[in-house]
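A.B. asks: A structural model of the following input is requested.
(one chain, ligands or ions: 2)
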Amino acid sequence: MADKIKDAKIIFVVGGPGSGKGTQCEKVVAKYGYTHLSSGDLLRAEVGSGSERGKTLQAIMQKGELVPLDTVLDMIKDAMIAKADVSKGFLIDGYPREVKQGEEFEKKIGKPCLLLYVDAKGETMVKRLLKRGETSGRADDNEETIKKRLDLYYQATEPVIAFYEGRGIVRKVDSELPPDEVFSHVSKAIDSL
Ligand SMILES: Nc1ncnc2c1ncn2[C@H]1C[C@H](O)[C@@H](COP(=O)(O)OP(=O)(O)O)O1
Ligand SMILES: [Mg+2]
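C.D. replies: Ligands and ions are numbered 1, 2, ... in the order given. Reported below is the predicted structural model:
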């Protein structure tokens, strides 16, 4: 089954919380017909189902911590297999959060052809998340958890970017710009694949 997704185009979308990953992914879906898989959305769906696993996940996410690697990876893989026949490619949004997650993904699923690095300043991300928190209903869009998520991003996720830079597949976009301008740069990166 995993064979079906081995040849698919896989793009990792990496950036801090509130940097604009989801916003750009939506635009990519509309223009390119890629499948958008947000690890956070998959996890929140599990929480929403009210399952025991969901309850455990919610407690972890509320603290701004990372959920166990195998849990996220299995969810992503199942979702990819479900879409393998119809998808032009996959946007893996919010994963890998740490280098080890990237290595496991490649072992179990396949290699990314591009890492889209959605870059914004720390203060910009905080501002956007507080604003998003007014309506998102997300348990982690509050000041205390935001700070922890940012710290974890700088400590665990930035090394992911360095890791893939070594492979020459990183394209950085400046997400301080308005969303449509950011997207024109994202489009260029995808068109070059
Ligand atoms: N380039 C941009 N300029 C201004 N606001 C942006 C932006 N990109 C995203 N936003 C807004 C939309 C959301 O309310 C908030 C977080 O965006 P998001 O796409 O949900 O981020 P992420 O998925 O990286 O956490 O910021
Ligand atoms: Mg998001």
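
A.B. asks: show me what from this protein comes close to ligand 1.
C.D. replies: The chain comes close to ligand 1 at residues 15, 17-23, 128, 131-132, 175, 177-179, 182, as judged by Cβ under 6 Å from any ligand atom. Quick note: C-beta positions are derived from backbone N, CA and C, even for glycine.

A.B. asks: mind checking which of those are in strands?
C.D. replies: Counted as lying in strands by DSSP state E, out of these, are G15.

A.B. asks: pull the most distant pair out of the residues of the chain next to ligand 1.
C.D. replies: P17 and P178 (19.6 Å; Cβ to Cβ).

A.B. asks: who's more crowded, these two?
C.D. replies: A direct count of neighbours by other Cβ atoms under 10 Å for P17 and P178 places P17 higher, at 24 against 8.

A.B. asks: residues in contact with Q155?
C.D. replies: If a contact means Cβ atoms under 8 Å, 6 or more residues apart in numbering, then Q155 has no contacts.

A.B. asks: give me the distance between it and ligand 1.
C.D. replies: Distance of Q155 to ligand 1, given as Cβ to the nearest ligand atom, to the nearest Å: 17 Å.

A.B. asks: list the buried residues in stretch 159-167.
C.D. replies: For stretch 159-167, the neighbour count (16 or more other Cβ atoms under 10 Å) marks V160, I161, F163, Y164 as buried.

A.B. asks: shouldn't the last one be within a helix?
C.D. replies: The one in question is Y164. Yes. Counting by DSSP: H, G, I helix; E, B strand; the rest coil, Y164 is part of a helix.

A.B. asks: can you pull out the strands in the protein?
C.D. replies: Assigned by DSSP E, the strands in the chain fall at 10-15, 35-38, 90-93, 114-119, 170-174.

A.B. asks: can you say which of these is nearest to M75?
C.D. replies: Among the strands of the chain, strand 35-38 comes nearest to M75, with 8.7 Å by Cβ to Cβ.

A.B. asks: neighbouring strands - and their directions - for that closest one?
C.D. replies: strand 90-93 (parallel) (DSSP bridges).

A.B. asks: got the contact list for the residue nearest to K148 when sequence neighbours are not counted?
C.D. replies: Spatial nearest neighbour of K148, chain neighbours left out: G64 (3.5 Å); criterion: Cβ to Cβ, 6 or more residues apart in numbering. By Cβ under 8 Å, 6+ apart, G64 lies in contact with D140, T145, I146, K147, K148, R149, L152.

A.B. asks: same thing but at 10 Å, please
C.D. replies: When contacts are counted by Cβ atoms under 10 Å, 6 or more residues apart in numbering, G64 touches 17, 139-140, 142, 144-153.

A.B. asks: what does the helix or strand of the chain with the lowest mean pLDDT contact?
C.D. replies: Using mean pLDDT, DSSP states H and E, helix 3-6 stands out as the lowest-scoring helix or strand of the chain, at a mean of 71. The contact list for helix 3-6 (Cβ under 10 Å, 6+ apart) reads K77, M80, I81, K83, A84, D85, S87, F90, I109, G110, K111.
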